[in-house]
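Undergrad: predicted structure and sequence below. I'll ask about it afterward.
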Amino acid sequence: MLIKRCNQFFQRQYMLVTTVAIYLTIAITAKPAKSAVVALSDDNSIVVFDPDKSDNPANNGLILWTVDDVNQLFQNQFWYRVGSQSRENSLNTLNLIRLEQSQPADKQLSVAYAGSGFEVALDLTLDGGALGSGSSSLFENIRIKNTGSDQLDFHLFNYTDFDLNESGQQDTIKIGSNKAQQSDTFTWATEVIDPVASYYQVSPFATILEALEDDVPTTLNNFSGPLTGENSYAFQWDFKVESEKSFLIKNYKSIKPVPEPTIIPGLVVFGSFMWLWRSRQALRHSTNS
């Protein structure tokens, strides 16, 4: 847990630097260097993606998602396995063959990695909300293509660790085969996937991360929660792809403020109180008469 707290400190420092530097980065180039950390920006939102391999597995992939200057994400990354016997590896252990950022909006990113007999392409689109709305969306399209001559036995893991409002201690997560929801007092984070996952899991940090980084194959355990505290979740897809064919996965993530209580529940409570008061008055009147 201490390691995560240290990472969160550096995340906050990086967020300050990124917020200032992102506009300079956008103005300089539409195609970042392959070794560069990439920042996407749209309206009230910034997303930071690190394509390189880090010694700390918690520093790979998406490592920042700020909405109205508040970071909501600790990490989102993909791991893969070929076959049933080998271990998993994160996507950025593969050869990076494409990294392109769109202009002029700079809210889209296209990344591609190549392995032995396959390629994995990841397309990200950030859709920020109005300033002060607390809302933001992120679209992820993942395409796995079999570039070999034999059938590809592939296993993909989508790992997500939200820390809503920069702290996951009060977050509650519930997950199913096609949807995960995480919330605290103020914020909802939702992820919807297509197709449905073969397996899924929510666990205390860093149970899933350690399983993906060890030397044995992982199968998620379908524990759905709800679970409150410093937790993370993952989806797992198991599929086979024929030669020169592709398998497509679509993920939609959204962050929204928890709706304020409406006046209706208050009216119900007030009405119940008035009914009880009138009933007591009527009972008192009948007793006295």
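TA: Perfect, I can see it now. Note that the structure is predicted; figures quoted are calculated from it, not measured. Residues are numbered from 1 along each chain as shown.
Undergrad: phi, psi of Gly91?
TA: Careful, residue 91 is Leu; it's not Gly. Main-chain torsions, Leu91, degrees, to the nearest 10: phi -60, psi -30.
Undergrad: any idea how far it lies from Tyr199?
TA: 19 Å (C-beta to C-beta, to the nearest Å). No exception for glycine: its C-beta is placed from N, CA and C like everyone else's.
Undergrad: more neighbours: which of the two?
TA: A direct count of neighbours by other C-beta atoms under 10 Å for Leu91 and Tyr199 places Leu91 higher, at 23 against 17.
Undergrad: A strand includes Asp215, no?
TA: No. Under DSSP: H, G, I helix; E, B strand; the rest coil, Asp215 sits outside any strand and is assigned coil.
Undergrad: hang on, it packs against Arg87?
TA: Yes. Applying C-beta atoms under 8 Å as the test, Asp215 and Arg87 come out as touching, 5.0 Å apart.
Undergrad: tell me which of those two has more neighbours.
TA: Arg87 (14 against 7).
Undergrad: roughly how far apart are the more buried one and Tyr233?
TA: Here Arg87 is placed at a distance of 21 Å from Tyr233 (C-beta to C-beta).
Undergrad: and what of Asp163?
TA: For Asp163, the distance to Tyr233 - C-beta to C-beta - is 13 Å.
Undergrad: neighbour-wise, which of those two wins?
TA: Tyr233 (26 against 23).
Undergrad: not counting sequence-adjacent ones, nearest residue to the more buried one?
TA: Once flanking residues are discounted, Tyr233 sits nearest to Val202: 4.2 Å by C-beta to C-beta, 6 or more residues apart in numbering.
Undergrad: which element is the one you found on?
TA: strand 199-204 (DSSP states H and E).
Undergrad: could you pull out the buried residues of that strand?
TA: Going by neighbour count (16 or more other C-beta atoms under 10 Å), the buried part of strand 199-204 is Tyr199, Tyr200, Gln201, Val202, Ser203.
Undergrad: can you tell me which of those residues is closest to Asp68?
TA: Val202 (26.5 Å; C-beta to C-beta).
Undergrad: report the contact partners of the closest one.
TA: Shown in contact with Val202 (C-beta atoms under 8 Å, 6 or more residues apart in numbering): Ile173, Lys174, Ile175, Ala180, Phe223, Ser224, Gly225, Leu227, Asn231, Ser232, Tyr233.
Undergrad: secondary structure class of Ala211, three-state.
TA: helix.
Undergrad: how about Phe154, secondary structure?
TA: Once three-state DSSP is applied, Phe154 turns out strand.
Undergrad: surely it is in contact with Ser246?
TA: No. If you go by C-beta under 8 Å, Phe154 and Ser246 don't touch, sitting 10.8 Å apart.
Undergrad: so what sits against both of the two?
TA: Going by C-beta under 8 Å, 6+ apart, residues that sit against Phe154 and also against Ser246 are Ile144.
Undergrad: who has more neighbours out of the two?
TA: Phe154 (20 against 14).
Undergrad: for the stretch 51-200 of the chain, which spans come out with low pLDDT?
TA: Residue ranges of the stretch 51-200 of the chain with pLDDT under 70: none are present.
Undergrad: can you give me the strands in it?
TA: 61-67, 70-71, 73-82, 89-90, 95-101, 108-115, 118-128, 136-146, 152-162, 172-175, 179-183, 187-194, 199-204 (DSSP state E, counting those that start in this stretch).
Undergrad: mind putting these in JSON lines, distance to Val241 included?
TA: Formatted as JSON lines, these follow (distance: least, C-beta to C-beta, whole Å):
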{"stretch": "strand 61-67", "distance to Val241": "22"}
{"stretch": "strand 70-71", "distance to Val241": "36"}
{"stretch": "strand 73-82", "distance to Val241": "11"}
{"stretch": "strand 89-90", "distance to Val241": "18"}
{"stretch": "strand 95-101", "distance to Val241": "18"}
{"stretch": "strand 108-115", "distance to Val241": "12"}
{"stretch": "strand 118-128", "distance to Val241": "8"}
{"stretch": "strand 136-146", "distance to Val241": "4"}
{"stretch": "strand 152-162", "distance to Val241": "4"}
{"stretch": "strand 172-175", "distance to Val241": "25"}
{"stretch": "strand 179-183", "distance to Val241": "25"}
{"stretch": "strand 187-194", "distance to Val241": "17"}
{"stretch": "strand 199-204", "distance to Val241": "18"}
